[in-house]
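Q: The amino acid sequence is not available; the structure is as follows:
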């Protein structure tokens, strides 16, 4: 049981910490976060990617004179239960704020019932969390039609430039490929931060929340997947590795990594959902700094690193991303409402050895999807290739990622 005095003390102490935080780099999704009384706005993303900071930015931008902040991972809330929410409700009413910021509230079983009560009372609730499925599962049951969802990722290339005060050029982009976009790592430059962060995610966000005991196998699998960005993987192909015998268990672990925004998996495009599920998926890490500091491969891997960066840029804008594979291959098919709209190929350097493979795969995909324009993204090359009425534009990644839409 949590006494009301504890709630009062925690709210005051967290308020002081929250409001003293640096506002930081203006996040690109800030103006896209929906805001309306009687609704919950859910922000999910990787642990330590800036969710509490964007709450502060949101408050200062839209609600400078009100707002109550509460982080439920505070040790003083150890053992909090749904029955304790009545005393928290009393504290909220007493403080007369209709805007509430809740961080990691999903660790409290039954939290969605309390939030639903607040929405009926016309509060605007902003919730942040590092596990997409735990939030969405309860939201679908109790908050249907009364919530909006927004995803926050580590810094984009443009945000990285602003944070580091770099000019937009190839050298800056190379730094981005090495360091990634985790704010605290960029601020401190301490490599072990990203090792500790990975352990924190695996233990707190995966093992504890999903009730997994074999943390060692979990970590081995995570490091293996991180080390193999841009390659294909399936549960069957890994069966027997890391002491895990069941392909179903591997698929469960894949979904856990995806839910906590650590690793993403891109399916092969097919109009048949069953075939999509049966085919191997491509692996991408949610941050290249995490990749560099936790990988166990020693090859340069420049092409897959660039491919991972391109994927992250596309993923910030769309969830409907696939790879195409038939006679040729296309790295990314971006769809909208189930309809393929954009095609992208990633090639670190186009040369006489790979030009036919890269362009033919893309031309094949363009013909298949009836798309007349596509893009090859490179490290530093520009060009244009045509075939019949099909046009492929070649552009350096650092320029492509800077295009305003």
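A: It's in. Just so it is clear, the model here is predicted, and its values are computed rather than measured.
Q: Tell me which helix or strand comes right after the lowest-mean-pLDDT helix or strand in the chain.
A: Confidence across the helices and strands of the chain bottoms out at helix 132-142, with a mean of 64, counting by mean pLDDT, DSSP states H and E. Where DSSP states H and E defines the elements, the next helix or strand beyond helix 132-142 is strand 147-152.
Q: just checking, what packs against that following strand?
A: For strand 147-152, the packing partners by 3 or more C-beta pairs under 8 Å, 6 or more residues apart in numbering; DSSP states H and E come out as strand 40-45, helix 132-142. The way it works is simple: take the backbone N, C-alpha and C, and place the C-beta from them, glycine included.
Q: Tell me which residues are up against that strand.
A: Applying C-beta atoms under 8 Å, 6 or more residues apart in numbering, the contact partners of strand 147-152 are 27, 29, 32-34, 39-45, 49-51, 54, 128, 132, 136, 139, 261, 316.
Q: give me that answer again for 6 Å
A: Here strand 147-152 makes contact (C-beta atoms under 6 Å, 6 or more residues apart in numbering) with 29, 33-34, 40-45, 49, 51, 139.
Q: With stretch 291-301 instead?
A: So stretch 291-301 is in contact with 191, 194-195, 198, 223, 226-227, 285, going by C-beta under 6 Å, 6+ apart.
Q: Buried residues, it. List them.
A: 291-295, 301 (16 or more other C-beta atoms under 10 Å).
Q: Stretch 230-240 now?
A: Buried residues in stretch 230-240 (16+ other C-beta under 10 Å): 230, 232-235, 238.
Q: quick one: residue 34 and residue 98, what's the gap?
A: 16 Å (C-beta to C-beta, to the nearest Å).
Q: okay, the two: which has more neighbours?
A: Using other C-beta atoms under 10 Å, the more surrounded residue of residue 34 and residue 98 is residue 98, with 17 against 14.
Q: Let me see the confidence value for that one.
A: Here the pLDDT value assigned to residue 98 is 94.
Q: so where do the strands sit in the stretch 51-200 of the chain?
A: All strands of the stretch 51-200 of the chain, identified by DSSP state E, counting those that start in this stretch, fall at 68-71, 99-103, 124-129, 147-152.
Q: who touches the first one?
A: Right, the one you point to is strand 68-71. For strand 68-71, contacts defined as C-beta under 6 Å, 6+ apart pick out 14, 18, 95, 97, 100-103.
Q: now with 8 Å?
A: With C-beta under 8 Å, 6+ apart as the test, strand 68-71 has contacts from 10-11, 14-15, 18, 52, 55, 59, 88, 92, 95, 97, 99-105.
Q: packing partners for the helix ranked longest in the chain?
A: In the chain, with assignment by DSSP state H, the single longest helix is helix 4-20. Judged by 3+ C-beta pairs under 8 Å, 6+ apart, helix 4-20 is in contact with helix 51-62, strand 68-71, helix 85-95.
Q: Would you mind checking the average pLDDT for the second one?
A: When you say that, I think you mean strand 68-71. For strand 68-71, mean pLDDT is 96.
Q: do the longest one as well
A: Confidence over helix 51-62, taken as the mean pLDDT, stands at 94.
Q: neighbouring contacts of it?
A: Residues contacting helix 51-62 (C-beta under 8 Å, 6+ apart): 18-19, 21-24, 26-27, 29-30, 33, 35, 43-45, 67, 69, 71, 99, 101, 103, 126, 128-130, 152, 183.
Q: starting at the chain centroid, how far to it?
A: 18 Å (C-alpha atoms, centre = their mean, to the nearest Å).
Q: can you start the count at 77 instead of 1 from here on
A: Renumbered: residue one is now 77, and that last one reads helix 127-138.
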